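Trainee: this one's structure only:
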């Protein structure tokens, strides 16, 4: 990883709107009053992202994700604090910043609706002043990882959602930006296309060392792509660490389901119920499920204890899922064992 390419220091964004009153009388009153309402969308957020990192930036609806991205892309100006991307303040040096970033929105497109896709890329080549040699090299790479040749001569309006997302990803990267912002890049896509998009993002990151900021509600995208995760809620940053550290901090719960070769006798059942440790046991049709904390016991220890009591046909281990971990963090619980 290189030096910091994105730095946010105590960034705050407030939106001031006119105060509205209910009913007809309220509407009339609104004509003669100057009262306003201030809403804080981003509240004192600070973080730094190094060049080449792929970071998941997640939060519930209205948490402030999109507002933060808009400040980093230069669309919005912070109310206070500083935001620097690749040495520039995006909202001051908008044109220079635009040449350093790429943006893909899952529900919007930057492609020209009525143009064939190939002509769209030619137009973008001229806008971003990409040399012919670089253009041909990058298009060959994008075609290799995204299979653009399948629909290169089709107009954008005729593309399927999956094809359009692949086309949008290539368009956002045509000028080889330092930073790529992805907002729900796999929304509405089937499993095959999702895997292709994820693989393309990984290869682009490896080839060009592109820094990727991913906002999504699909936590599978985060697990597949990101080494680091930043979680915000109600405009505040509530977690910032590696994905592995997140699982260590919050994902301590584990369950193991054992299927017996034959139903254990009463003595074995009694022994299982008296397993030494704070286990939670659930009877299954032909087995038992044991829930425990990995802070107290390892998976190997639990399996060895059970197999020393009964003959086991099959074992299924289930770790805490990322979705459950994130829900736990949103709830603000201090108990880190789910």
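Mentor: Great, that's in hand. Remember, predicted model here, so these are calculated numbers, not experimental data.
Trainee: Strands of the stretch 51-200 of the chain, residue ranges please.
Mentor: 54-58, 80-85, 101-105, 179-183 (DSSP state E, counting those that start in this stretch).
Trainee: ok, residues contacting the second one?
Mentor: Think strand 80-85. 5-12, 44-46, 71-72, 89-91, 97, 100-101, 179 (C-beta atoms under 8 Å, 6 or more residues apart in numbering). Every residue, glycine included, has its C-beta placed from N, CA and C.
Trainee: other SSEs contacting the host helix or strand of residue 302?
Mentor: Per DSSP states H and E, residue 302 falls inside helix 299-307. Under the contact criterion of 3 or more C-beta pairs under 8 Å, 6 or more residues apart in numbering; DSSP states H and E, helix 299-307 touches strand 253-260, strand 287-293, strand 312-319.
Trainee: how far out from the middle of the chain is the longest helix along the chain?
Mentor: For the chain, the helix that runs over the most residues, judged by DSSP state H, is helix 191-208. Remark: helix 191-208 is offset 14 Å from the chain centroid, using C-alpha atoms, centre = their mean, to the nearest Å.
Trainee: same question, stretch 210-226
Mentor: For stretch 210-226, the distance to the chain centre is 3 Å (C-alpha atoms, centre = their mean).
Trainee: can you redo the helices and strands packed on helix 299-307 as JSON lines with distance to residue 18, mean neighbour count and mean pLDDT?
Mentor: Shown next, in JSON lines, are the helices and strands packed on helix 299-307 (distance: least, C-beta to C-beta, whole Å; neighbours: other C-beta atoms under 10 Å; pLDDT from 0 to 100):
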{"stretch": "strand 253-260", "distance to residue 18": "48", "mean neighbour count": "18", "mean pLDDT": "85"}
{"stretch": "strand 287-293", "distance to residue 18": "52", "mean neighbour count": "19", "mean pLDDT": "84"}
{"stretch": "strand 312-319", "distance to residue 18": "50", "mean neighbour count": "13", "mean pLDDT": "85"}
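Trainee: so which of those gets nearest residue 167?
Mentor: Across the helices and strands packed on helix 299-307, residue 167 has its closest neighbour in strand 312-319 (36.6 Å, C-beta to C-beta).
Trainee: residues contacting residue 300?
Mentor: If a contact means C-beta under 8 Å, 6+ apart, then residue 300 has no contacts.
Trainee: any idea how far it is from residue 317?
Mentor: 11 Å (C-beta to C-beta, to the nearest Å).
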